[in-house]
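Visitor: Sequence first, then the predicted structure, then my questions.
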Amino acid sequence: MAVGSNEREAYFEVNSMLANKPKTKLLVDGGDPGETLRIKSLIGFVDGQTTNPSLIAKNPEVQRLIASGHKLSSEEEQNEYKKIVQIISPLVGDAGVSIEVFADLGTRAEEMLAQGEEMFSWIPNAYVKYPCTREGLRAAQMSVEKSIRVNMTLCFSQEQAAAVYAATKGSKEPVYVSPFVGRLDDRGDDGMDLVRNIKKMYEQGDDHVHVLAASIRTVNHLLCSFALGAELATVPSKVLVEWAATGFPMPNQDFRYKAVDASGKLLKAIPYKELDLNLPWERFDIAHELTTKGIQKFVADYQSTLRRSA
């Protein structure tokens, strides 16, 4: 069968992209395996995937169930989540699939760990996501002792990232910490500064924690993640589509990040703090209002799919 000129151009463009594949591993931020396949076809690879209760609630199959008037039981929701990540698992590379525990502000570490152990058994390349809270850090500490791979999510401060480092010392596999860039931008702070500051702080460490730039909203965010040397970035499909449409640009020595919000207003710099990674994790101030709001949002999205108990 003859190959059209557009197909040839797409073929050579993707292969050119693979030849210049970024060192930063790219993960799809989403809960739809079909979307993962489309992105893999578009850019030629997908290193991993991140999921959470909000993204699972938006999954087309879950949405069809809800539209038909069927609300899920907690067990059905869990089974849907398991089914989705089991489809995604073989589609992605060695960065794995991050699966988030269902936790509200009152969930204890032991409850998170029980969920984490179950979720970790679903697929061979699982990472269990815990929030950057005191109980989440306790769960992470217990998880690494059981050789469960961990991704610490909803990170909004350098102190939280320092606590993640201290709580997961001794992990046999890389631990991920996920600073949420876009949500910091939303309130006028330069979220990319947090990625920069965490990377700088970890230079004094043992490399067991990898920075996963999250809440990526723009190609500008993505290119800055590359420039800062983030080990990973999790990116919505629409941003990856835009990156592909512009020819897979990469930052060069002249790259300058535009630290502005959606309206063009200059974002406020986040200053670097000198923190001692050798301190016990409990010594760091990990409270952050955006972490609290993030947990509340995930809980609301999860509950939106559930049927009410009688």
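Guide: Okay, I see it. It should be emphasised that the depicted structure is a prediction, and the values quoted were computed from it without experimental measurement.
Visitor: what about the helices in the protein?
Guide: For the chain, the helices defined by DSSP state H cover 5-19, 33-43, 53-57, 60-67, 74-88, 109-120, 134-145, 158-167, 181-186, 191-202, 219-228, 237-245, 289-303.
Visitor: Give me the helices and strands touching the third one, please.
Guide: Using 3 or more CB pairs under 8 Å, 6 or more residues apart in numbering; DSSP states H and E as the contact criterion, the elements in contact with helix 53-57 are helix 74-88, helix 289-303. Backbone N, C-alpha and C define where each C-beta goes, glycine included.
Visitor: which residues touch that helix?
Guide: Contacting residues not belonging to helix 53-57 are listed as 29-31, 62-63, 77, 80-81, 84, 100, 102, 297-299, 301-302, 304-305 [CB atoms under 8 Å, 6 or more residues apart in numbering].
Visitor: ditto for the last one
Guide: Under the contact criterion CB under 8 Å, 6+ apart, helix 289-303 has outside partners 52-54, 56-57, 77, 100, 102-105, 131-133, 153-156, 160, 180, 183-184, 187.
Visitor: Filter the contacts of helix 53-57 down to the buried ones.
Guide: Buried members of the contacts of helix 53-57, counted by 16 or more other CB atoms under 10 Å: 29-31, 62, 77, 80-81, 84, 100, 102, 298-299, 301-302, 305.
Visitor: follow-up on the earlier one: buried subset of the contacts of helix 289-303?
Guide: 52-54, 56-57, 77, 100, 102-103, 131-133, 153-156, 160, 180, 183-184.
Visitor: Just send the helices of the chain back as TSV, with mean pLDDT too.
Guide: Formatted as TSV, those follow (pLDDT from 0 to 100):
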stretch	mean pLDDT
helix 5-19	51
helix 33-43	96
helix 53-57	73
helix 60-67	76
helix 74-88	88
helix 109-120	98
helix 134-145	98
helix 158-167	98
helix 181-186	97
helix 191-202	98
helix 219-228	97
helix 237-245	97
helix 289-303	90
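Visitor: which stretch among these comes nearest residue 209?
Guide: Comparison of the helices of the chain against residue 209 by CB to CB identifies helix 158-167 as nearest, at 5.1 Å.
Visitor: Counting by contacts, list what the closest one packs against.
Guide: Where contact means 3+ CB pairs under 8 Å, 6+ apart, helix 158-167 is packed against helix 134-145, strand 150-155, strand 175-179, helix 191-202, strand 209-213.
Visitor: Could you point out which of the ones you listed sits nearest residue 234?
Guide: Residue 234 lies closest, by CB to CB, to one member of the helices and strands packed on helix 158-167: strand 209-213, at 6.1 Å.
Visitor: Give the partner strands of the closest one in its sheet and their orientations.
Guide: Here strand 209-213 is paired, per DSSP bridges, with strand 175-179 (parallel), strand 232-235 (parallel).
Visitor: For residue 38, which of those strands is the nearest?
Guide: The closest of the strands paired with strand 209-213 to residue 38 is strand 232-235. By CB to CB, the value is 13.5 Å.
Visitor: Would you mark the buried spots in the closest one?
Guide: By neighbour count on 16+ other CB under 10 Å, the buried set for strand 232-235 is 232, 233, 234, 235.
Visitor: hang on, isn't the last one packed against residue 216?
Guide: Okay, so that is residue 235. Yes - using CB atoms under 8 Å as the test, residue 235 is close enough to residue 216 to be in contact (4.8 Å).
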